[in-house]
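Engineer: what's the 3D shape of this:
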Amino acid sequence: MDRTRHPAFRSSLCATLTAAALAAAGLVAAAPSAQAADTDLMRNGGFESGLDGWSCTAGSGAVVASPVHGGTHALKATPAGSDNAQCAQSVAVQPNSTYTLSSWVQGSYVYLGASGTGTTDVSTWTQSAPSWQQLTTTFKTGANTTSVTVYTHGWYGTAAYGADDVSLTGPGGAPVQKPAAPAGLTASGATSSSIGLSWSPATGATGYNVYRDGSKVASVNGTSATVTGLAPATSYSFQVTATNSAGESPKSAAVVASTTSGGTTPPPSGHALVGYLHASFANGAGYTRMADVPDDWNIIDLAFGEPTSVTSGDIRFTPCPVSECPTVEPLADFKAAIKAKQAAGKKVLISIGGQNGQVQLTTTAARDTFVSSVSKIIDDYGLDGLDIDFEGHSLSLNTGDTDFRSPTTPVIVNLIDALKTLKAKYGSKFVLTMAPETFFVQMGYQYYGSGPWGGQDPRCGAYLPVIYALRDSLTLLHVQDYNSGSIMGLDNQYHSMGGADFHIAMTDMLLTGFPVAGDTSKAFPALRPDQVAIGLPASTQAGNGWTSPAEVTKTLDCLTKKANCGTYQTHGSWPGLRGLMTWSINWDRFNGGEFSKNFDAYPWS
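Structural biologist: Below you'll find the predicted structure:
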């Protein structure tokens, strides 16, 4: 579902009404002269010390050397998607006291305000400031107020704004104390290139810094982090500090941890058949009990875990209700059947998203909620891992985010961080699979995001940075070779779904690698054959792009034996190709098991 935010006229109207209401209440006024005893209480209000003392949402803020109002630096913050690029600072104040807040700003729809005043929170704004313009407002604190939050922000969908020389004058409050060093630092979930860390909360902390061998490598809001980009079979020393508006705590006690010599997940042996089970809803295929899933299926994806809202990150999974699925088993039987499948060597995963489950992790808070809510599902049902089936508008790239190797778009960065955290939490046995559509992967050969000049669909190739960042942790990628338009292959010819040619060309791209958007300096590297399966509809009713058993056999012959390839010439043969994925187990059962029977009958060697 396409969620359009804040058209320009709504932004203007909303801002105008807000300003009018504030003016009517006497909250936006010329600032009275500060008394001689008053002082400027802002820490680093001129941004001369970077973002020290400030916290900006979704990594939206940066310090720049031009343009500036005073000194040598200023803030530049960029709204993106549903984030308004708020940068804030907590300031100690006194109760029952009057304060004057001001800042120089530049840009369109720039806001300055204070919250937590204990009386009436205030804000002021400018619709357009092509050059530096001063915003000023005043407020009085409540009887029990000892701190307020001062903030600037822009507006959704607008360009970056600037702020400089932020000032809060009035009687100073009791100074905020630096937090103590965090305790309980532990390391877990090591891979060949990453190590997961967690620690206990520090009283008064608003953030944490992570140090590797004495150098700061990350800043986070929560009490966990995954340090990436490490060398295999290498030991590292880690420490963390706690931060707030008063500064940074001493470093914690060090913990030493080592990366593994190879990938965290050993390459799986044998070939696999992956299928989605309609576990939370009913459709024309009918409901299939977990105990009745045929033994042919090696990986069973429970469809679907869905969010409470698009941007909440709060994922919920509820088995199909009796009113919709009259033959649904009791919850205890469902969980028992999962254990029985696992005892027989099968893997059972929760699949997140699907056609209707749009998930946009626009903030770090949504990221953390995603981790905790998905963990709860995995723990409650005793599952083996997670499948990411983000479709529609879940993933898209911000304008200017042009390198899949170092993404900057919050929904991409937060998803990567969340998946790395889950992998670190559950360790090497955690199964992580992904089921993107061709538009989000192979289309990246021609186009990536909105392009260097804008105007392209920003979702194009948007899965590539996620796959690339998780390649050491990824168990299986099974791109949906269905419900797809024509896609250009490495032969620079367009290929259309429904026959062996399409699947051969699309899979060859994954196993060979390809330059992204035609840029040979930005090549998406090949995946291992055991990390790749081919996604197909189980029957004509299951989706557009159904492929006959004979054409599926040709596909496997070409990719594993370099035989029956037709006109497309692959860049190799891969007998270790992992297998096939299908939507869905239910539709295959409805169709007499044709898909699974053909897979079982195929002579892999």
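Engineer: tell me the spatial nearest neighbour of F281, not counting adjacent residues.
Structural biologist: Spatially, and ignoring its direct neighbours in sequence, F281 is nearest to C320 (5.8 Å; CB to CB, 6 or more residues apart in numbering). (Each C-beta comes from the backbone N, C-alpha and C, glycine too.)
Engineer: next, that neighbour: secondary structure please.
Structural biologist: Recorded secondary structure, C320: coil (DSSP: H, G, I helix; E, B strand; the rest coil).
Engineer: what do you get for G70?
Structural biologist: Strictly by three-state DSSP, G70 counts as coil.
Engineer: in contact with it, which residues?
Structural biologist: By CB atoms under 8 Å, 6 or more residues apart in numbering, the contact set of G70 is 46, 104, 164-165.
Engineer: re the thing from before, isn't the residue nearest to F281 right next to H278, touching?
Structural biologist: Yes. At 7.4 Å, C320 counts as touching H278 under the criterion of CB atoms under 8 Å.
Engineer: give me the common contacts of the two.
Structural biologist: Y287.
Engineer: so these two - more neighbours on which side?
Structural biologist: Using other CB atoms under 10 Å, the more surrounded residue of C320 and H278 is H278, with 21 against 18.
Engineer: how many neighbouring residues does the closest residue to the more buried one other than its chain neighbours have?
Structural biologist: Distance criterion CB to CB, 6+ apart; nearest residue to H278, sequence neighbours excluded, is N586 at 4.7 Å. Close neighbours of N586, defined as other CB under 10 Å, add up to 25.
Engineer: from the contact counts, what lies against the particular helix or strand that has N586 in it?
Structural biologist: If you go by DSSP states H and E, N586 is part of helix 585-590. For helix 585-590, the elements it packs on are strand 272-278, helix 594-601, judged by 3 or more CB pairs under 8 Å, 6 or more residues apart in numbering; DSSP states H and E.
Engineer: so which of the ones you listed gets nearest V256?
Structural biologist: Of all those, it is strand 272-278 that lies closest to V256, at 37.0 Å by CB to CB.
Engineer: contacting residues around the closest one?
Structural biologist: 285, 287-288, 290, 293, 296-303, 320, 351, 433, 476, 478, 533, 538, 578-586, 588, 596, 599-600.
Engineer: how about 6 Å then?
Structural biologist: 296-303, 478, 533, 578-586, 599 (CB atoms under 6 Å, 6 or more residues apart in numbering).
Engineer: paired strands for it, with orientation please.
Structural biologist: strand 299-307 (parallel), strand 579-583 (parallel) (DSSP bridges).
Engineer: tabulate these (TSV), appending mean pLDDT, distance to S66 and mean neighbour count.
Structural biologist: Shown next, in TSV, are the strands paired with strand 272-278 (pLDDT from 0 to 100; distance: least, CB to CB, whole Å; neighbours: other CB atoms under 10 Å):
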stretch	mean pLDDT	distance to S66	mean neighbour count
strand 299-307	97	41	25
strand 579-583	97	51	25
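Engineer: okay if I get those strands as a markdown table plus distance to K76?
Structural biologist: Conversion of the strands paired with strand 272-278 to a markdown table gives the following (distance: least, CB to CB, whole Å):
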| stretch | distance to K76 |
| --- | --- |
| strand 299-307 | 31 |
| strand 579-583 | 44 |
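Engineer: could you measure from the spatially most central residue of the chain over to T402?
Structural biologist: Compute the mean C-alpha point of the chain, and by CA atoms, centre = their mean the closest residue is L415, 1.9 Å away. Separation of L415 from T402 (CB to CB, to the nearest Å): 18 Å.
Engineer: what does Q358 give?
Structural biologist: Counting by CB to CB - Q358 and T402 are separated by 24 Å.
Engineer: thinking again about what came up before, deepest of the helices and strands packed on helix 585-590, which one?
Structural biologist: Here the criterion is mean neighbour count by mean count of other CB atoms under 10 Å, and of these the winner is strand 272-278, at a mean of 24.
Engineer: now that strand and helix 594-601, what's the angle there?
Structural biologist: 160 degrees (axes from the mean of the first three to the mean of the last three CA atoms, to 10 degrees).
Engineer: strands of the stretch 101-250 of the chain, start to end?
Structural biologist: 122-140, 147-153, 161-170, 186-188, 195-198, 207-212, 215-220, 224-227, 235-244, 247-248 (DSSP state E, counting those that start in this stretch).
Engineer: coming back round to it: touching, the residue nearest to H278 and G284? I think so.
Structural biologist: No. Using CB atoms under 6 Å, N586 is not in contact with G284, being 9.0 Å away.
Engineer: how about low-confidence regions in this protein?
Structural biologist: 1-37, 81-82, 175, 245, 261-269 (pLDDT under 70).
Engineer: for the helix or strand that H478 is a member of, name the packing helices and strands.
Structural biologist: Using DSSP H and E, H478 falls within strand 476-480. Applying 3 or more CB pairs under 6 Å, 6 or more residues apart in numbering; DSSP states H and E, we find strand 476-480 packed against strand 532-537.
Engineer: from the contact counts, what lies against the strand it packs on?
Structural biologist: strand 476-480, helix 500-512, strand 579-583.
Engineer: and for it, what's in contact with it?
Structural biologist: 274, 476-482, 503, 507, 510, 543, 546-547, 578-583.
Engineer: cool, stretch 38-49 as well?
Structural biologist: 52-53, 63, 70-71, 73-75, 91, 165-170, 172, 245.
Engineer: hey, where'd the helices end up in the stretch 251-400 of the chain?
Structural biologist: For the stretch 251-400 of the chain, the helices defined by DSSP state H, counting those that start in this stretch cover 331-343, 364-381.
Engineer: so which of those is the most packed in?
Structural biologist: Buried most deeply of the helices of the stretch 251-400 of the chain, by mean count of other CB under 10 Å, is helix 364-381, with a mean of 19.
Engineer: gap between that helix and the chain center?
Structural biologist: Averaging C-alpha positions (CA atoms, centre = their mean, to the nearest Å) puts helix 364-381 13 Å from its chain's average.
Engineer: tilt between that helix and helix 331-343?
Structural biologist: Going by the same axes, to 10 degrees, helix 364-381 makes 90 degrees with helix 331-343.
Engineer: what angle do helix 364-381 and strand 215-220 make?
Structural biologist: 80 degrees.
Engineer: for helix 364-381, name the packing helices and strands.
Structural biologist: Secondary elements touching helix 364-381 (3+ CB pairs under 6 Å, 6+ apart): helix 410-426.
Engineer: now for the helix it packs on, which elements pack on it?
Structural biologist: Looks like helix 410-426 contacts strand 224-227, helix 364-381, helix 464-469 (3+ CB pairs under 6 Å, 6+ apart).
Engineer: surely V110 meets Y161?
Structural biologist: Yes. Assessed by CB under 6 Å, V110 is found in contact with Y161 at 4.5 Å.
Engineer: shared neighbours of these two, anything?
Structural biologist: Contacts common to V110 and Y161, judged by CB under 6 Å, 6+ apart, are absent.
Engineer: ok so, going back, P79 is nearest to which of the strands paired with strand 272-278?
Structural biologist: Shortest distance between P79 and the strands paired with strand 272-278, using CB to CB, is found for strand 299-307: 22.0 Å.
Engineer: could you give the separation of the closest one from the chain centroid?
Structural biologist: The chain centroid and the centroid of strand 299-307 are separated by 18 Å under CA atoms, centre = their mean.
Engineer: how close does F524 sit to F514?
Structural biologist: For F524 relative to F514 (CB to CB), the value is 6 Å.
Engineer: one more: Q89?
Structural biologist: 45 Å.
Engineer: same deal with K425?
Structural biologist: With CB to CB as the criterion, K425 and F514 are 33 Å apart.
Engineer: cool, and A291?
Structural biologist: From A291 over to F514 the distance is 43 Å, taken as CB to CB.
Engineer: looking at these two, which has the bigger crowd around it?
Structural biologist: F514 (22 against 13).
Engineer: residues touching that one, list them.
Structural biologist: Contacts of F514 by CB under 6 Å, 6+ apart are 445, 524.
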